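Student: here is my input, please return the structure:
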Amino acid sequence: MKKAALLGLIYGGVSLLLTTILVFVDPKILFKPWMILVSSGIGMAILIGGGRYFLRQLDDVTLSFGVAFKYLFVAALIGSVVGALGSSILFAGNEELSETFVEYQKTTMENAAAWGAGLAGGDEATKEEARQEVRDQIESGEVNIQENPFAFKSLPLSLAGSIIGSLIVALIAAIFVRQKQ
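Tutor: All right, here's what the predicted structure looks like:
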């Protein structure tokens, strides 16, 4: 398990470093869909590469999917917790990040409403009405907007989400880390 913990610390450290760089360069980049995919890809590459390097050196000649999953889940969970705690410590009071995140949430909600109206067969006017309805709900306080994704008050939910995210990432990574017999 020491190797899984080391891999988890590397995973969390790289995640925290990437987040820190992006926040200081331009916080708006942090919430772009392509950046979320890139950072997820980097994390997956670290787990797969590190898993192959650290876990295939275990005493067993073969590494089953189950054993690889167990170690990778621990590593992903440790990395997620390190990333979440570190980000909360560093960015809990960052006003620019808070403003960027609020705008990101509003835009995402408006686009989701328009997309849903389009799926229901609505035309452009109907999509714009759906966007305006969401704007009105946000302004009236009917829809809850989180101010900062790294605030300490959102840390418990973030850590709970880390369990599910770590489970999914470990399942995928274990496919590529296991040794075929």
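
Student: every contact and neighbour count from this point should use C-alpha atoms.
Tutor: OK.

Student: how about Phe150, phi and psi?
Tutor: phi -100, psi 10 (degrees, to the nearest 10).

Student: need the per-residue pLDDT for it.
Tutor: For Phe150, the pLDDT comes out at 80.

Student: same check, this time on the one 10 residues further on
Tutor: We have a pLDDT of 88 for Ala160.

Student: that one and Ile10, how far apart?
Tutor: 21 Å (Cα to Cα, to the nearest Å).

Student: where along this structure do the helices fall?
Tutor: 2-25, 27-30, 33-50, 65-91, 95-119, 124-140, 155-177 (DSSP state H).

Student: tell me which of these sits most buried.
Tutor: helix 65-91 (a mean of 22; mean count of other Cα atoms under 10 Å).

Student: report all helices and strands that that one contacts.
Tutor: helix 2-25, helix 33-50, helix 155-177 (3 or more Cα pairs under 8 Å, 6 or more residues apart in numbering; DSSP states H and E).

Student: out of those helices, nearest to Asn144?
Tutor: Among the helices and strands packed on helix 65-91, the nearest to Asn144 by Cα to Cα is helix 155-177 (15.2 Å).

Student: Gly83 touches Ser15, doesn't it?
Tutor: Yes. The pair Gly83 / Ser15 is scored as a contact, 6.0 Å apart, by Cα atoms under 8 Å.

Student: where in this structure is pLDDT low?
Tutor: For the chain, the stretches flagged by pLDDT under 70 are 57-61, 180-181.

Student: now with 80, please.
Tutor: For the chain, residues meeting the criterion pLDDT under 80 lie at 55-63, 93-94, 146-149, 151, 154, 179-181.

Student: got the phi/psi numbers for Ile145?
Tutor: Ile145 has phi and psi values of phi -110, psi 130 when expressed as degrees, to the nearest 10.

Student: and it, what is it in contact with?
Tutor: Ile145 makes contacts with Val102, Gln105, Lys106, Ile138, as judged by Cα atoms under 8 Å, 6 or more residues apart in numbering.

Student: skipping adjacent residues, who's closest to the second one in space?
Tutor: Of all residues beyond its chain neighbours, the one nearest Gln105 is Ile145 (7.2 Å), with distances taken as Cα to Cα, 6 or more residues apart in numbering.

Student: surely Ile36 meets Leu30?
Tutor: Yes. Using Cα under 8 Å, Ile36 is in contact with Leu30, at 7.2 Å.
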